[in-house]
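Q: fold the stuff below for me.
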Amino acid sequence: MYLSFERQRSCTRVSRNYHVFLRDADNTGFDFKVAKASKACAGICKWVGAVVNYYIIMQIIKPKMLLVEEATRDAARFEATLVEAAEKLARLKARLAELHSTLENAKQELSDMEANAAYLRIKYERALRLTAEIGDEEERWQKRIDELVQLESNLLGDMCIAAGEVTYFSGLNGRTRAAVRRQILSQLAVLHVAFSADYDLTDAISYREKLIEWLGQGLPEDELCTVNGIIVFEAKRFPVLVDPQGVGTRWFKSALHVASCRITDDNAESMLEECLLTGSPILFEGIDGHDTHQIMRWLIIREVGRYEELPPPRGPLPASDPRSAGKTYIVLGSRRVPFTQEGFQVFMTSAESEPLFTPAFYNRSVLVNFNLTEVALEAALLTAVVAKDQPRLNKERQEFWYRSTETKELVDREEDKILSLLADTPGDLLDNENALDAIYNCVDRSKELEAELEA
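A: As a prediction, the model looks like this:
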């Protein structure tokens, strides 16, 4: 019974009765009296007192226990909340680290973009300056490209005309040359071969700059003389200038500064031998039909060979012997003369308007007809008068021609440099500041030279 006693439900009534009993009865020595009366009852009374005391104590501590339980539950709840908050904090820290990394990457990307923007701004400014510097050249280059495309399409016809003029026009006068040229052009038109409408021999074979130099050296500004000058330098045989007025001879001496003599001069053979040795050109002036035999004997019917092909002499070969150097010789009269073929050329002039030479001489030479037209003769006479009466003016004229030629060559050279830098600079041209500076310098120099030409 004691073990199954429901303390929580019965203690309230027992406690109230127990206190009433203690208040109404004189309980002095109650425990002793009960123990004296009945030991069993004394035990029961002690048990009841203990239960009452338990009840009283429980009334005090039970709210505290409830508070502890509630606090324990709150603590558990707070602990779970704390764990959840810690996990959330960890996630937030990870997210914060990720955002920080993203921020750093964004800052680096922003820095790179700013640097790239500055770099592109510099390239843009360089591109603007480059286009501004060479913008003036674009129109001229485009025009030149169109001209070159047209020249390419007309190349075959132009070269046919040029070959005909250089090969067959040398001995013809101006009127006959014009007639033959018309026949060539008409035949090309029949064959549907394109050629330039404004065909000019000097442009066809790129002699324009050389022609300017020749004009400064005294060549008359006439189509006949221009073609003659080209034939003289392009001929594969010995050129003979038919020059009764002497204009071609004077120009030729001024242009080449050649050693000149007459075939009848005593030192003619020695001068020829010296020119053979040194590889220099020589000019024989005033030849006629009677001089061709000597020229044929010297040069035209000539024996050229190599010394090592000759029979070896008896005994050892001296170091000074030409056989040991592999030199070429030419038979001059009855002697073998060492021959430097590079640079050596023979030019001849005749003062006769219609010279008569042997067929063999005609076969080995090319006659260049310098019988001047009226226009060319007037220009030549004017040049001679100016040179005689106003030598300073004539000198200034020659210097002008030379300066013009040199300036034109410099302009072309600067343009070639610009095009070469634009085409051959490795990588991005706008990144190569040295190449850009070189282009700007070339453009400035080209403009200065063009201004000089216009002045």
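Q: quick one: average pLDDT of stretch 157-167?
A: Averaging pLDDT along stretch 157-167 gives 87.
Q: off-centre distance for that stretch?
A: Mean-position distance between stretch 157-167 and its chain equals 36 Å (CA atoms, centre = their mean, to the nearest Å).
Q: give me the domain ranges for this protein.
A: By the assignment in automatic domain parsing, the chain contains the domains 7-102, 238-307+326-373, 390-455.
Q: buried stuff in the helix or strand residue 444 falls within?
A: For residue 444, the element it lies in under DSSP states H and E is helix 433-454. For helix 433-454, a neighbour-count test (16 or more other CB atoms under 10 Å) marks 435, 436, 438, 439, 442, 443, 445, 446, 449, 450 as buried. All C-beta spots, glycine's among them, are computed from the backbone N, C-alpha and C.
Q: quick check: the gap between the nearest residue to the first one once chain neighbours are set aside and residue 432.
A: If you skip the residues right next to it in sequence, residue 435 has residue 425 as its closest partner in space, 4.6 Å away by CB to CB, 6 or more residues apart in numbering. For residue 425, the distance to residue 432 equals 5 Å [CB to CB, to the nearest Å].
Q: do the same with residue 382
A: Taking CB to CB, one finds residue 382 at 53 Å from residue 432.
Q: show me which of these two is the more surrounded one.
A: residue 432 (16 against 11; other CB atoms under 10 Å).
Q: give me the pLDDT for that one.
A: For residue 432, the predicted pLDDT is 77.
Q: same question for residue 106.
A: So, for residue 106, pLDDT stands at 92.
Q: need the three-state assignment for the residue nearest to residue 353 when sequence neighbours are not counted.
A: Excluding its sequence neighbours, the residue lying closest to residue 353 (CB to CB, 6+ apart) is residue 244, at 4.5 Å. Under DSSP: H, G, I helix; E, B strand; the rest coil, residue 244 falls in the coil class.
Q: residue 244 is in contact with residue 351, isn't it?
A: Yes - using CB atoms under 8 Å, residue 244 makes contact with residue 351 at a distance of 5.6 Å.
Q: quick one on the thing from earlier: dump the buried residues of helix 433-454 to a markdown table, plus pLDDT and distance to residue 387.
A: A markdown table is the format used below for those (pLDDT from 0 to 100; distance: CB to CB, whole Å):
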| residue | pLDDT | distance to residue 387 |
| --- | --- | --- |
| 435 | 79 | 48 |
| 436 | 78 | 49 |
| 438 | 81 | 43 |
| 439 | 78 | 44 |
| 442 | 78 | 38 |
| 443 | 77 | 39 |
| 445 | 76 | 34 |
| 446 | 75 | 34 |
| 449 | 71 | 29 |
| 450 | 72 | 30 |
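Q: list just the nearest of those residues to residue 212.
A: Set against residue 212, the nearest of these by CB to CB is residue 449 (14.5 Å).
Q: pull up the gap between the spatially closest residue to the closest one that is not a sequence neighbour and residue 151, please.
A: Of all residues not flanking residue 449 in the chain, residue 411 sits nearest, at 4.7 Å (CB to CB, 6+ apart). Residue 411 sits 20 Å away from residue 151, taking CB to CB as the criterion.
Q: and those two? Which one has more around it.
A: residue 411 (18 against 13).
Q: elements contacting the helix or strand harbouring that one?
A: Per DSSP H and E, residue 411 falls inside helix 391-424. On a contact count with 3 or more CB pairs under 8 Å, 6 or more residues apart in numbering; DSSP states H and E, helix 391-424 meets helix 39-153, helix 208-216, helix 374-389, helix 433-454.
Q: return the last one as CSV; C-alpha atoms alone will do.
A: In this case it means helix 433-454. Written as CSV, here are the backbone C-alpha positions of helix 433-454 (Å, rounded to 0.1, in the frame of the first residue of the first chain):
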residue,chain,number,x,y,z
GLU,A,433,55.3,53.0,-82.6
ASN,A,434,58.7,52.9,-84.3
ALA,A,435,57.1,51.9,-87.6
LEU,A,436,54.4,54.6,-87.2
ASP,A,437,57.1,57.3,-86.6
ALA,A,438,59.0,56.1,-89.6
ILE,A,439,55.8,56.3,-91.7
TYR,A,440,55.1,59.9,-90.4
ASN,A,441,58.7,60.9,-91.2
CYS,A,442,58.4,59.5,-94.7
VAL,A,443,55.0,61.2,-95.3
ASP,A,444,56.4,64.5,-94.1
ARG,A,445,59.5,64.1,-96.2
SER,A,446,57.4,63.2,-99.2
LYS,A,447,55.2,66.3,-98.8
GLU,A,448,58.3,68.5,-98.5
LEU,A,449,59.7,67.0,-101.7
GLU,A,450,56.4,67.4,-103.5
ALA,A,451,56.3,71.0,-102.4
GLU,A,452,59.8,71.5,-103.8
LEU,A,453,58.7,69.9,-107.1
GLU,A,454,55.7,72.2,-107.3
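Q: and for it, what are the contacting residues?
A: 126, 129-130, 133-134, 136-137, 403-404, 407-408, 410-411, 414-415, 417-418, 421-422, 425, 429-430 (CB atoms under 8 Å, 6 or more residues apart in numbering).
Q: please state the offset of that helix from the chain centre?
A: On CA atoms, centre = their mean, the centre of helix 433-454 falls 16 Å from that of its chain.
Q: kindly report the same for stretch 371-378.
A: 49 Å.
Q: right, I'll call it a day here.
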